[in-house]
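Colleague: Based on what follows, work out the 3D shape:
(one chain, ligands or ions: 1)
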Amino acid sequence: MNSTTKSASIEKSIYQVIDQAQFCHLRLCSGEIIDHVQGFLINPINQENNRFVVFTQKDSGFLKQLNPGSQSEISFVHSGKYYLNEDAQKKAPVYFIESVKKVNHNPSAIESQLGFDRIIGNRLQPGLDFTGQKVVVRVDFNVPLDEQFNVTDPTRILAAKPTIDFILQNGGSCVLVSHLGRPKGKESRYSLKHIVSKVSESLQKPIKFHEDCIGSKAVSTAQDLEKGEILMMENLRFYKEETSGDKEFARELAKLGSIYVNDAFGTAHRAHASTTVMAQYFGRKKYFGKLLESELLATEKVIKTGKPPVVVILGGAKVSTKIPILESMMQIADHIIVGGGMVYTFKKALGGKIGNSICEDKYLDYCLKVLQKAKKLGVEIHLPIDTLAGDSFSNDANRKEFPSDQIGEQFEGMDSGPQTLEYFISIINKCQTILWNGPIGVFEFPNFAQGTMRIGQAIGQRTRQGAFSLVGGGDSVSAVKQFNLAQQMSYVSTGGGAMLESLEGKTLPGIKALLE
Ligand code: AMP
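Modeller: Numbers count the residues shown, from 1 in each chain. Modelled structure (predicted):
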């Protein structure tokens with residue numbers, strides 16, 4: 001097919017889709033492929049007949065040269081925004097759209113104020129020159145330590161590496177600021193000095209350390225940094241002004257550099273001095289770190305552009321803590337799988353016998369309402385069929401399988417039974433987008449860990465077949481690490497509360513501050 005015929009036939013298919021849905025997936029065909037979804041600039045050139053052309057910006061560094069004829073799939077939001085001025089449009093190459101697929105569910109029901117498109121200008125993108133600049137990077141190095149102050153899980157340090165490498169490669173030096181734990185004043189066991197060698201090992205670079213995070217000595221040490229050097233400051237939370245979001249403290253911190261980068265996704269939901277308040281002292285010289293960008297992109301891939309069918313797997317101990325996410329996920333999911341301890345409040349509400357299983361009687365009505373609401377919205381809620389129960393809350397409890405609504409009086413539900421797992425996995429296997437939040441059973445006890453592990457394995461397998469999977473929020477992240485499944489997921493979030501709030505459609509204060 002030559003390109004003129006191709007574009008004519010494509011216009012027709014776009015026309016059909018745009019009529020029906022705001023959210024579409026486009027398959028593009030061109031000689032070049034774009035590095036990342038956000039590299040696309042989409043412009044409705046003629047709103048009247050809904051003709052769409054996809055532009056890319058040559059100088060933006062988004063483009064990668066690949067073999068002619070390669071394909072790329074992107075998602076976009078028909079927002080009617082113009083990203084390029086007319087002059088730029090003339091210069092930009094046009095990509096022919098090969099096919100368009102409608103997204104069935106309705107992501108616009110979640111009013112996330114932050115579309116990923118809004119951060120484009122604030123990304124760490126090629127072309128930025130930080131030569132001679134001291135860049136203050138808010139990282140989240142709140143890592144677990146053992147009794148001897150050894151870092152037991154360096155995930156968060158490694159997650160900041162792309163941002164730090166980017167700054168150094170583009171001529172800057174880094175001033176790292178972070179919190180560690182919840183100290184009450186200057187408690188030496190929470191000093192960041194304990195992790196300097198691990199940070200150095202993880203980043204494969206020497207690290208300088210300063211025993212304070214504000215003050216004239218701190219500022220002059222930062223100013224003396226040579227190009228390519230990294231300085232880590234002492235724990236921000238040694239000052240209570242950090243968590244209270246004190247303006248003066250934030251102003252002092254801002255003196256550490258001329259550019260601000262926030263890469264601390266794990267604390268982006270807090271309006272603290274270093275995560276939110278200090279951003280205002282950098283004018284336009286503030287950027288989303290690469291981790292923050294990846295986390296946002298992963299969230300959007302579920303809540304805005306998730307390919308249907310979308311399945312959300314919710315587990316964990318209590319219904320009460322999952323209400324916001326349950327409510328928001330009902331707006332976007334085709335399927336919601338309910339596992340973990342929260343199952344038993346649902347089962348009791350439906351008239352089942354749940355023995356000693358964990359249950360929140362206050363939420364019985366709520367569970368019934370959720371089921372009704374889901375029906376109205378066309379969301380299928382899947383509850384377990386059978387349960388592996390124990391006669392005490394311990395790994396060594398005597399185990400017995402029961403139908404999930406007929407659990408023996410002396411027993412409590414602690415994991416999914418075999419029929420349930422088969423049923424849940426069959427749902428996962430037909431979905432294209434998977435969000436997992438909360439374990440399916442008491443996975444900390446090896447005798448009740450099978451369900452969580454098998455669900456994790458099934459998600460991993462489905463991901464290999466092309467589905468997008470996001471593991472976000474709390475204990476399901478610990479579970480995928482425990483079962484060595486993290487590599488099999490499309491994305492494992494580094495932020496518990498922050499990821500949950502993002503999924504609920506909230507704009508996090510740390511993110512908002514970068515856009516203001
Ligand atoms: P959450 O932080 O709400 O996601 O809950 C995670 C906790 O839920 C984990 O510590 C699990 O052990 C626990 N959990 C999972 N299933 C059950 C269950 N059937 N009964 C009690 N606790 C459970």
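Colleague: Count the residues that sit near whatever residue of the stretch 151-300 of the chain ends up closest to the ligand.
Modeller: Nearest residue of the stretch 151-300 of the chain to the ligand, counting by C-beta to the nearest ligand atom: Gly266, 15.6 Å away. Heads up, the C-betas are built off the backbone N, CA and C, glycines and all. By other C-beta atoms under 10 Å, the residues close to Gly266 number 26.
Colleague: Report the contact partners of it.
Modeller: 140, 142, 156, 494-498 (C-beta atoms under 8 Å, 6 or more residues apart in numbering).
Colleague: Doesn't it belong to a helix?
Modeller: Yes: judged by DSSP: H, G, I helix; E, B strand; the rest coil, Gly266 forms part of a helix.
Colleague: Give me the below-cutoff pLDDT ranges for the stretch 51-200 of the chain.
Modeller: Residues of the stretch 51-200 of the chain meeting the criterion pLDDT under 70: 51-121.
Colleague: Which pair of the contacts of Gly266 spans the longest distance?
Modeller: Arg156 and Gly497 (14.3 Å; C-beta to C-beta).
Colleague: interface residues of the stretch 301-450 of the chain facing the ligand?
Modeller: 315-318, 321, 340-341, 358, 413-414, 438-439, 441-442, 444 (C-beta under 6 Å from any ligand atom).
Colleague: any idea how far the closest residue to the ligand within the stretch 51-200 of the chain lies from Phe448?
Modeller: Closest residue of the stretch 51-200 of the chain to the ligand, C-beta to the nearest ligand atom: Pro144 (16.0 Å). Noted for Pro144: a distance of 23 Å to Phe448, by C-beta to C-beta, to the nearest Å.
Colleague: Show me which of the two is the more surrounded one.
Modeller: A count of neighbours by other C-beta under 10 Å puts Phe448 above the other of Pro144 and Phe448, at 25 against 12.
Colleague: Any idea which residue is closest to the centre of this structure?
Modeller: Glu295 (3.5 Å; C-alpha atoms, centre = their mean).
Colleague: Following the chain onward from the helix or strand harbouring it, which element is next?
Modeller: Using DSSP states H and E, Glu295 sits in helix 290-303. Counting by DSSP H and E, the element after helix 290-303 in chain order, helix or strand, is strand 310-314.
Colleague: check contacts around the residue of the stretch 51-200 of the chain closest to the ligand.
Modeller: 151-153.
Colleague: can you do 10 Å?
Modeller: 150-156, 181 (C-beta atoms under 10 Å, 6 or more residues apart in numbering).
Colleague: restrict those residues to those near the ligand?
Modeller: Okay, of these, nothing touches the ligand (C-beta under 6 Å from any ligand atom).
Colleague: so who does the residue nearest to Pro509 when sequence neighbours are not counted touch?
Modeller: Once flanking residues are discounted, Pro509 sits nearest to Ala271: 4.2 Å by C-beta to C-beta, 6 or more residues apart in numbering. Listed by C-beta under 10 Å, 6+ apart, the contact set of Ala271 reads 243-245, 277, 508-510, 512-513.
Colleague: Output the below-cut-off pLDDT ranges for this protein.
Modeller: 1-121, 474.
Colleague: OK, now which residue of it is nearest to the ligand?
Modeller: Closest point on the chain to the ligand, by C-beta to the nearest ligand atom, is Gly316, at 2.5 Å.
Colleague: And that residue, how far from Asn395?
Modeller: Counting by C-beta to C-beta, the gap from Gly316 to Asn395 is 19 Å.
Colleague: In terms of neighbours, single out the busier of these two.
Modeller: Set Gly316 next to Asn395 and count neighbours by other C-beta under 10 Å: Gly316 wins out with 20 against 14.
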